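# what's the 3D shape of this:
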Amino acid sequence: WEPLAFSLPALRTMPRHVAIHSAKGNQAFGLEKGFKTTAAAKAPRISRRKGHQGARTKLVRDVVREVAGLAPYEKRCLELLRMSKEKRALKYCKKKLGTYTRGKRKRDEIANVLMLLNRAAKDKN
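Model (predicted):
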């Protein structure tokens with residue numbers, strides 16, 4: 001068994017089709033082959049923005065919530081939270097919405113609504 005003449009980490013970082021030594025002059029092979037250009041800046045992918053709520057959408061949803069009010073199951077969740085039954089409210093929201101995470105998110109949303117209602121009642125008095 002003989003040790004290899006070149007280092008293995010350098011070999012692993014380069015693709016298999018690239019020669020181990022560097023190109024000299026105008027030789028057309030290796031990682032730096034071809035006409036030298038400057039890379040154009042790429043636009044960010046849509047997947048980076050997906051799920052992010054825009055200002056217009058937030059405004060529309062807030063107006064709809066203000067005009068339409070709460071759904072019946074949301075009203076029941078609100079009553080459960082008023083009686084400080086957070087766990088029961090979570091179980092109820094989970095049953096209505098299908099998943100644990102959606103239930104937690106909805107319970108937190110209704111808790112924020114309750115906090116705003118309490119603050120408005122306190123300011124009114």
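# low pLDDT regions in this structure?
1-34 (pLDDT under 70).
# all helices for it, in order.
For the chain, the helices defined by DSSP state H cover 8-13, 55-68, 72-82, 86-97, 100-124.
# tell me the buried residues in the last one?
In this case it means helix 100-124. 103, 106-107, 110, 113 (16 or more other C-beta atoms under 10 Å). In this view, the C-beta of every residue, glycine as well, is placed from N, C-alpha and C.
# looking at those, which is nearest residue 121?
Using C-beta to C-beta, residue 113 comes nearest to residue 121 of the buried residues of helix 100-124, at 12.7 Å.
# wait, the closest one touches residue 78, no?
Yes. Residue 113 lies in contact with residue 78 (C-beta atoms under 8 Å); the separation is 6.8 Å.
# contact partners for the closest residue in space to residue 80 that isn't next to it in sequence?
Excluding its sequence neighbours, the residue lying closest to residue 80 (C-beta to C-beta, 6 or more residues apart in numbering) is residue 89, at 4.0 Å. By C-beta atoms under 8 Å, 6 or more residues apart in numbering, residue 89 lies in contact with 77, 80-81, 107, 110.
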